[in-house]
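Asker: this is the structure alone, sequence omitted:
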């Protein structure tokens, strides 16, 4: 059985665009606004989220995820 290895995100910079697959053939686009540490020193990615499905774009606004979670869920845009 062959498994496709997920491309690991090495660094996340302002302006970068990433995608993750959602249910029912949709995708979420994440355009990175900035990366900053919280009060406990944990890095978080602040991004502008947009849902993409069936040729439609649905802006989701400003979102925040811990950097480790962001790296696990999102893939580099091709």
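Answerer: Sure thing, it's come through. These figures come from a predicted structure and were not determined experimentally.
Asker: now the strands for the protein?
Answerer: If you assign secondary structure with DSSP state E, the strands in the chain sit at 17-21, 27-37, 43-53, 56-66, 75-76.
Asker: dump the residue contacts of residue 31.
Answerer: Neighbour list for residue 31: 15, 16, 17, 47, 48, 50 [criterion: CB atoms under 8 Å, 6 or more residues apart in numbering]. For the C-beta atoms, the positions are set from N, CA and C on the backbone; glycine is no exception.
Asker: from what I can see the second one touches residue 32, true?
Answerer: Spelled out, it's residue 16. Yes - in this structure, residue 16 is within contact of residue 32 by CB atoms under 8 Å, at 4.7 Å.
Asker: how many residues are close by residue 57?
Answerer: Other residues near residue 57 come to 9 when the count uses other CB atoms under 10 Å.
Asker: excluding its backbone neighbours, what's nearest it?
Answerer: Nearest in space to residue 57, with sequence neighbours left out and distances taken as CB to CB, 6 or more residues apart in numbering, is residue 50 at 5.5 Å.
Asker: show me what contacts that neighbour?
Answerer: By CB under 8 Å, 6+ apart, the contact list for residue 50 reads 28, 29, 31, 57, 58, 59, 60.
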